[in-house]
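A.B. asks: Could you work out the structure for the sequence below:
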Amino acid sequence: MSDVTDAVASLAGHGNAVPAMVLASVAALIATAGLRTRRSRRHGHAPPPDDTGARPPSAVRPAGPGQTGHEGGDSALWRLRTTVRDAPGSLAVLCAALAERRVDILSLQTHPLAEGTVDEFLLRAPGALSGAGLAEVVAAAGGTRTWTERADAHDLVDAPTRVLGLAARTALDAAELPLVLRQLLGRCTIRSLPAAPGTEAGGTVPPEGVLEDTVLRLRAPGGGVISVERPHLPFTPAEFARARALVELDARLGPRIPRGRDVLTLSEGSDITVRRADTRDVPAAKAMHERCSARTLGMRYHGPVKDADRYLNHLLGPRFGRTLAVQTASGRIVGLGHLLWDGDETEVALLVEDAWQRRGIGGELLARLVAMAAETGCESVYAVTQASNTGMVAAMRGLGLPLDYQIEEGTLVVTARLDPAARSMARLPHGERAGRE
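C.D. replies: Numbers count the residues shown, from 1 in each chain. The predicted structure follows:
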């Protein structure tokens, strides 16, 4: 798919690039439209565990910017999920109890189960009513296993529109799948697990996937298994169906990355091209490794230089983040920048070939990666390096963002905060920086 328009046209049955089953996948997503999302820090030099984990939330989180429902902050948006008896009038009693406390029901979805029904609400409640207070109202009206969380304006988008947007993001970029699943399912831990030796690509997971209360497992598009865990809130069959449809869509579309590329002119006059990269660039990345000094590789991978090549399939894999490549006019890759999903945090990492260092390439890559992280809603990014790596430290300082420095396990961890106020003062790319191909 060259762009979202082509993807949506194919999904709608106007092209031949995508089988009819993909249309069924998107139809299933829209028909079951629903929920929303979002730590472990990985500092080792080896490929990190295949985990985009997020810490489970407390029952109620403090309100953030934009989370009040009316001007003046006299109301707030909440997401609430509860289980009620599958009997006539049960939902009416619950709605009446909410109305008595002047709680507006903005949207409602039902998830039928074998015993009872899970009802999910988007509510606007008086500012004085806490999450615990909402739960007490619901319990008095017959609701059980109630869960509440503060919502924001993004939750006000109608479900079909939101799901179509998620499908379009998936169609354009394979690296979006973990992010899209988290937005669809809420705070959860997503792991990409390899197939067990001697088994088929999906391991022991059947083609239709497995749902086990707070865990769901699906066959990964590139082989292996996608495992999603949400200990604080069991998955419903409807959520399982939505996730399965998105993963099926991703598998049907195959490998893909946005084709856009920027041509930049360095200070000494050389032109370079910055573009997205994936596992198809592994051979060129290995060739760059061969041209790098042992010191440069050691600074990047924090371990035995001879192991550097084995990290590339992981680093360039779309399931774990995004990669930018810098190539010369002849097509040779001379720099790589990685944005690696890590729960509520995101890691950035850079490698620039020795002959091309000190020309501003690292700073350019880093600024673009951090801008990507900000666009996806990341709250911070961190870089794991050594105090002697003055180039990386200078590049982080050059962002113009608030930085925190920590020494962990003999390495330097530099964290940049990406809240809106910090980004407004930062020197990050805005739109095209030079000619675009």
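
A.B. asks: just the strands in the stretch 251-400 of the chain please.
C.D. replies: Ranges of strands within the stretch 251-400 of the chain are 261-265, 271-277, 321-327, 333-342, 345-352, 380-385, based on DSSP state E, counting those that start in this stretch.

A.B. asks: State the three-state secondary structure for residue 204.
C.D. replies: Assigned by DSSP: H, G, I helix; E, B strand; the rest coil, the conformation of residue 204 is coil.

A.B. asks: what about it, distance to residue 224?
C.D. replies: To residue 224, residue 204 is 11 Å away according to C-beta to C-beta, to the nearest Å. The C-beta positions use only the backbone N, C-alpha and C, and glycine is treated the same way.

A.B. asks: More neighbours: which of the two?
C.D. replies: residue 224 (21 against 11; other C-beta atoms under 10 Å).

A.B. asks: if I pick residue 297, what's in contact with it?
C.D. replies: Neighbour list for residue 297: 289, 305, 308, 351 [criterion: C-beta atoms under 8 Å, 6 or more residues apart in numbering].

A.B. asks: Using TSV, please lay out those residues together with distance to residue 118 and pLDDT.
C.D. replies: Listed next are the contacts of residue 297 as TSV, based on distance: C-beta to C-beta, whole Å; pLDDT from 0 to 100:
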residue	distance to residue 118	pLDDT
289	51	93
305	53	71
308	48	76
351	47	94
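
A.B. asks: Look up the closest residue to residue 413, ignoring the ones flanking it.
C.D. replies: Closest residue to residue 413 apart from its sequence neighbours, by C-beta to C-beta, 6 or more residues apart in numbering: residue 406 at 4.7 Å.

A.B. asks: Checking the residue minimising distance to the centre of the chain next. Helix, strand or coil?
C.D. replies: Nearest to the geometric centre of the chain sits residue 179, at 2.4 Å (C-alpha atoms, centre = their mean). With three-state DSSP as the basis, residue 179 sits in helix.

A.B. asks: Could you give the number of residues near the nearest residue to it once chain neighbours are set aside?
C.D. replies: In this structure, residue 179 finds its nearest non-sequential neighbour in residue 376, 6.0 Å apart by C-beta to C-beta, 6+ apart. Neighbours of residue 376 under the rule other C-beta under 10 Å: 15.

A.B. asks: With the one 10 residues further on instead?
C.D. replies: Residue 386 has 14 neighbours, counted by other C-beta under 10 Å.

A.B. asks: for the helix or strand hosting residue 170, packing partners?
C.D. replies: Counting by DSSP states H and E, the element that carries residue 170 is helix 159-172. If you count contacts as 3 or more C-beta pairs under 8 Å, 6 or more residues apart in numbering; DSSP states H and E, helix 159-172 packs onto helix 4-11, helix 20-31, helix 177-185, helix 237-253.

A.B. asks: tell me the mean pLDDT over it?
C.D. replies: Model confidence over helix 159-172, given as mean pLDDT, is 85.

A.B. asks: List the buried residues in it.
C.D. replies: Within helix 159-172, the residues that qualify as buried are 159, 162-164, 166-172, counting by 16 or more other C-beta atoms under 10 Å.

A.B. asks: Then stretch 261-268?
C.D. replies: Within stretch 261-268, the residues that count as buried by 16+ other C-beta under 10 Å are 262-264.

A.B. asks: same question, stretch 374-392
C.D. replies: Neighbour counts using 16+ other C-beta under 10 Å place 374, 378, 380-385, 389, 391-392 of stretch 374-392 among the buried residues.

A.B. asks: got TSV for these, with distance to residue 330 and pLDDT too?
C.D. replies: Shown next, in TSV, are those (distance: C-beta to C-beta, whole Å; pLDDT from 0 to 100):
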residue	distance to residue 330	pLDDT
374	33	86
378	34	82
380	37	88
381	31	92
382	34	94
383	29	94
384	32	92
385	30	90
389	28	87
391	24	88
392	27	91
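
A.B. asks: so which of the residues you listed comes closest to residue 331?
C.D. replies: residue 391 (24.8 Å; C-beta to C-beta).

A.B. asks: you'd agree the closest one is up against residue 358?
C.D. replies: Yes - the pair residue 391 / residue 358 is scored as a contact, 7.4 Å apart, by C-beta atoms under 8 Å.

A.B. asks: Point out where the protein drops to low pLDDT.
C.D. replies: 1-73, 195-203, 343-344, 422, 424-437 (pLDDT under 70).

A.B. asks: What about residue 337, how many residues nearby?
C.D. replies: By other C-beta under 10 Å, the residues close to residue 337 number 26.

A.B. asks: swap in residue 214?
C.D. replies: Using other C-beta under 10 Å: residue 214 sits among 14 other residues.

A.B. asks: secondary structure element for residue 133?
C.D. replies: helix 131-140.

A.B. asks: Just the buried residues of that helix, please?
C.D. replies: By neighbour count on 16+ other C-beta under 10 Å, the buried set for helix 131-140 is 131, 134-135, 137-138.

A.B. asks: Output that helix as PDB, nothing but the C-alphas.
C.D. replies: Provided in PDB are the C-alpha atoms of helix 131-140 (Å, rounded to 0.1, in the frame of the first residue of the first chain):
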ATOM      1  CA  GLY A 131     -13.900   7.400  41.000                       C
ATOM      2  CA  ALA A 132     -14.500   5.700  44.300                       C
ATOM      3  CA  GLY A 133     -17.800   7.600  44.600                       C
ATOM      4  CA  LEU A 134     -18.900   6.500  41.100                       C
ATOM      5  CA  ALA A 135     -18.100   2.900  42.000                       C
ATOM      6  CA  GLU A 136     -20.200   3.200  45.200                       C
ATOM      7  CA  VAL A 137     -23.200   4.500  43.100                       C
ATOM      8  CA  VAL A 138     -22.800   1.600  40.700                       C
ATOM      9  CA  ALA A 139     -22.500  -1.000  43.400                       C
ATOM     10  CA  ALA A 140     -25.700   0.200  45.100                       C
END
